[in-house]
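Enquirer: Pasting a predicted model and its sequence here:
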Amino acid sequence: SQKIEQNSEALNIQEGKTATLTCNYTNYSPAYLQWYRQDPGRGPVFLLLIRENEKEKRKERLKVTFDTTLKQSLFHITASQPADSATYLCALGSGGGKLIFGQGTELSVKP
Amino acid sequence: DTGVSQNPRHKITKRGQNVTFRCDPISEHNRLYWYRQTLGQGPEFLTYFQNEAQLEKSRLLSDRFSAERPKGSFSTLEIQRTEQGDSAMYLCASSVQGAGGNTGELFFGEGSRLTVL
């Protein structure tokens, strides 16, 4: 069955450092991958989308890579800030409509 | 506020009761999704609609769950004979399907939290 795995442990980093989150998947050939941010008690908010034929996408301090051979995406936040503390979700789609989400990684940025 | 709206935000019910949640998507969005999320987990797909047509329903979804989108606008999710295992956050999201297929972002509501006693 399709499986998506993100960093199982919470990630704690110091302000100003780069946070790197991983998303691995098996038994799936996604056409695209998305990253969302979720704050406690709130709905997820879209951050970035990367397609299967793209290697890298950037948006301000965010960078996403997508390796369909390794079946992995990396999500980087550079110059991290305490306001970046949240849970980050990766989601895979095949163009049919629904997204399948990973379990999320909790990021904590300490001042 | 023109975002996705969900009601009620919180619902506490006793086991065996029926509950209904409502979702009002962003007005020009033709796709509407329901997800369920429990603590420490990512959103789990339940079902989605394109306009008024229900295009897919999770195989894991019990027959006690039913969703409708009668006029292609708002949607309701009903859970009959609730069980304690139904306690979760129920998230609604909407999106626009383009001519090239749907790779667009999902816009989520703030969710409806269900507690079954």
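Expert: Thanks, I have the structure now.
Enquirer: Who does the lowest-mean-pLDDT helix or strand in chain B pair with, and is each partner parallel or antiparallel?
Expert: Within chain B, no helix or strand scores below strand B:53-57, which has a mean of 92 by mean pLDDT, DSSP states H and E. For strand B:53-57, the paired strands and their directions (DSSP bridges) read strand B:44-50 (antiparallel).
Enquirer: Need the residues that contact the strand it pairs with.
Expert: A:97-101, B:30-38, B:54-58, B:60-61, B:65, B:67, B:69, B:72, B:75, B:77, B:97 (CB atoms under 8 Å, 6 or more residues apart in numbering or on different chains). Every C-beta, even on glycine, is put in place using the N, C-alpha and C of the backbone.
Enquirer: What subset of these is buried?
Expert: Neighbour counting by 16 or more other CB atoms under 10 Å in any protein chain shown classes A:97-101, B:31-37, B:58, B:61, B:65, B:67, B:69, B:75, B:77 among the contacts of strand B:44-50 as buried.
Enquirer: quick one, strands of chain A?
Expert: A:3-6, A:11-14, A:19-26, A:32-38, A:45-51, A:56-59, A:62-67, A:72-77, A:86-93, A:99-101, A:105-110 (DSSP state E).
Enquirer: How far does the second one sit from its chain's centre?
Expert: Centroid separation between strand A:11-14 and its chain, computed with CA atoms, centre = their mean, to the nearest Å, is 16 Å.
Enquirer: Output the set of residues of chain B in proximity to chain A.
Expert: Applying CB under 8 Å from any CB of the partner chain, we find that chain B lies next to chain A at B:4, B:31, B:33, B:35, B:40-45, B:48, B:50, B:55-56, B:91, B:93, B:97, B:101-111.
Enquirer: Give the buried subset of the residues you listed as a PyMOL selection command.
Expert: Filtering those down to the buried ones (16+ other CB under 10 Å) takes a single PyMOL command:
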select buried, chain B and resi 4+31+33+35+42+43+44+45+48+50+91+93+102+103+104+105+106+107+108+109+110+111
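Enquirer: Filter the residues of chain B next to chain A down to just the ones in strands.
Expert: Counting by DSSP E, the residues of chain B next to chain A contribute B:31, B:33, B:35, B:44-45, B:48, B:50, B:55-56, B:91, B:93, B:107-108 to strands.
Enquirer: Tell me the one of the residues you listed nearest chain A?
Expert: If you rank these by distance to chain A using CB to the nearest CB, B:Phe108 comes first, at 3.2 Å.
Enquirer: How about the contacts made by the closest residue to the closest one other than its chain neighbours?
Expert: Nearest residue to B:Phe108 in three dimensions, chain neighbours excluded: A:Gly43, at 3.2 Å (CB to CB, 6 or more residues apart in numbering or on different chains). The contact partners of A:Gly43, by CB under 8 Å, 6+ apart, come to B:Val4, B:Leu91, B:Ala93, B:Phe108, B:Gly109, B:Glu110, B:Gly111.
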